[in-house]
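> structural data only, the sequence is not supplied:
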């Protein structure tokens, strides 16, 4: 059973640009959540999607957005990039939403903003 | 923003020694507590999902306990091995969101 796949794994952008990250969950998993990790910080919750609906959102500015497709694949977009957006972005899938079930994480997309 | 605290931030353990560390979380509106292990250059991997006060879970040499009334969980590693070196994260589930602690980084010295 394939794991959670995130693309791209690494990317470099400049301030003001926008970026789209992709996440393919484990087959059959309908919940996808996104997290940001910056040095010295724990994983910060961005948002969670279930069946194409955003079920929950963390405390991030509107520049951070996401969506989920009918096949449960999810994308997150960050517009007008800032230096502080440099981070590891992790996606996780779960078989149920919002839930007591364990998360299965991808390897992350490391974004560097110059 | 829910306050999930982990202590210590890091610790060094001699191979063969046992160790433990703490996760503190709000004691109200408890749904579940997760523990994850995050090895360098890998993805975080679930260790335990704990839901009941007094829960004790075990996976090999690693075990965890849960006290929801006082808002803490302990993770224990018995007979530490170099492969136990990792960052251990706890996460508190509330309102369908997981709030993660900053982690305890364990380094096992051979």
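Good, I have the coordinates. Here the structure is a predicted model, which means the values were calculated and not measured.
> now residue A:82: how far from chain B?
From residue A:82 over to chain B the distance is 20 Å, taken as Cβ to the nearest Cβ, to the nearest Å. To be clear about C-beta, it is placed using only N, CA and C from the backbone, and glycine gets the same treatment.
> that residue: neighbour count?
12 (other Cβ atoms under 10 Å in any protein chain shown).
> next: residue B:78.
If you count neighbours by other Cβ under 10 Å, residue B:78 ends up with 16.
> list the contacts for it?
B:18, B:61-63 (Cβ atoms under 8 Å, 6 or more residues apart in numbering or on different chains).
> now those residues: which count as buried?
Buried subset of those (neighbour count, 16 or more other Cβ atoms under 10 Å in any protein chain shown): B:62-63.
> for the contacts of residue B:78, which one is nearest chain A?
The shortest approach to chain A among the contacts of residue B:78 belongs to residue B:62, at 14.7 Å (Cβ to the nearest Cβ).
> in the sheet, who's paired with the closest one?
Here residue B:62 sits in beta bridges with residue B:59, residue B:77, going by DSSP bridges.
> near chain B, which residues of chain A?
Applying the criterion Cβ under 8 Å from any Cβ of the partner chain, the portion of chain A that neighbours chain B consists of A:3-4, A:33, A:35, A:40-45, A:48, A:55-56, A:58-59, A:90, A:92, A:97-108.
> so which of those belong to strands?
When those are checked against strands using DSSP state E, the ones located there are A:33, A:35, A:44-45, A:48, A:55-56, A:90, A:92, A:104-105.
> pick out the residue of chain B closest to chain A.
Each residue of chain B has a distance to chain A, by Cβ to the nearest Cβ, and the smallest belongs to residue B:96, at 3.2 Å.
> show residues contacting the helix or strand bottoming out on mean pLDDT in chain B.
Across the helices and strands of chain B, the lowest-confidence element by mean pLDDT, DSSP states H and E is strand B:97-100, at a mean of 88. If you take Cβ under 8 Å, 6+ apart as the criterion, strand B:97-100 is touched by A:33, A:35, A:42-45, A:48, A:56, A:58, A:98, A:103, B:1-2, B:4, B:25, B:34, B:89-92.
> and that strand, which strands flank it?
The strands that strand B:97-100 pairs with in its sheet are strand B:86-94 (antiparallel) (by DSSP bridges).
> centre of the chain to the strand it pairs with, how far?
Per Cα atoms, centre = their mean, to the nearest Å, the displacement of strand B:86-94 from the mean C-alpha position of its chain is 6 Å.
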